[in-house]
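Enquirer: Generate coordinates for the sequence data below:
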Amino acid sequence: NNVLTMEAGRVALAEIYTPEAAVDLNARGDTLRGRLSGVAKKHDVAVQFIGMGSMMNAHFTRETVRTPEHNRLTDPRKRALLHLDLVAAGIFTARSGMIVLSLPMTDADTDRLVETIDDCFAGRQSLFAD
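Expert: Residues are numbered from 1 along each chain as shown. Predicted structure coming up:
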């Protein structure tokens, strides 16, 4: 019977996370995954940014990832290196490789993420090589 919490949830879904906002956020995630895949291809880094909508995960493998069990294919050292480089740049993602977008994020925020990962792959190419 927490009226305040219930009202906050109602307002969030009715006025903040509207159907239009959800579509926009998911489209931003789809675009970001494509851009990050382009960066990986540019540097020939074996990584796939897989996800749906505003959520994605970095899988360091050339093998096709189809199920959660395929997570064992990823190189945890490469995932940790990317995570630490992002943290050093002030970008906080999950150590597990999970990247989740949020409504306040702007194009400048996603541009910065792409540029930081591009710099990371370029500067540490020998460490990200197969």
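
Enquirer: burial of residue 89, as a residue count?
Expert: Other residues near residue 89 come to 15 when the count uses other CB atoms under 10 Å. Quick note: C-beta positions are derived from backbone N, CA and C, even for glycine.

Enquirer: Which strand or helix spans the closest residue to it other than its chain neighbours?
Expert: Spatial nearest neighbour of residue 89, excluding adjacent residues (CB to CB, 6 or more residues apart in numbering): residue 116 at 4.7 Å. For residue 116, the host element (DSSP states H and E) is helix 107-123.

Enquirer: quick one: the residue positioned nearest the centre of the chain from residue 77, how far?
Expert: By CA atoms, centre = their mean, the chain has its centre lying nearest to residue 99, at 2.9 Å. Going from residue 99 to residue 77 by CB to CB, to the nearest Å gives 18 Å.

Enquirer: Give me the buried positions along the longest helix anywhere in the chain.
Expert: Longest helix in the chain, counting residues (DSSP state H): helix 19-42. Within helix 19-42, the residues that qualify as buried are 25, 28, 29, 32, 33, 35, 36, 39, 40, counting by 16 or more other CB atoms under 10 Å.

Enquirer: pull the CA atoms of the helix holding residue 116 into CSV?
Expert: Extracted C-alpha coordinates of helix 107-123, given in CSV (Å, rounded to 0.1, in the frame of the first residue of the first chain):
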residue,chain,number,x,y,z
ASP,A,107,23.9,11.5,-29.2
ALA,A,108,27.0,13.1,-27.7
ASP,A,109,27.1,10.3,-25.0
THR,A,110,26.9,7.5,-27.6
ASP,A,111,29.4,9.3,-29.8
ARG,A,112,31.8,9.4,-26.9
LEU,A,113,31.3,5.7,-26.2
VAL,A,114,32.1,4.8,-29.8
GLU,A,115,35.1,7.1,-29.9
THR,A,116,36.5,5.7,-26.7
ILE,A,117,36.1,2.1,-27.9
ASP,A,118,37.7,3.1,-31.2
ASP,A,119,40.7,4.6,-29.3
CYS,A,120,40.9,1.5,-27.1
PHE,A,121,41.0,-0.9,-30.0
ALA,A,122,43.5,1.3,-31.9
GLY,A,123,45.8,1.8,-29.0
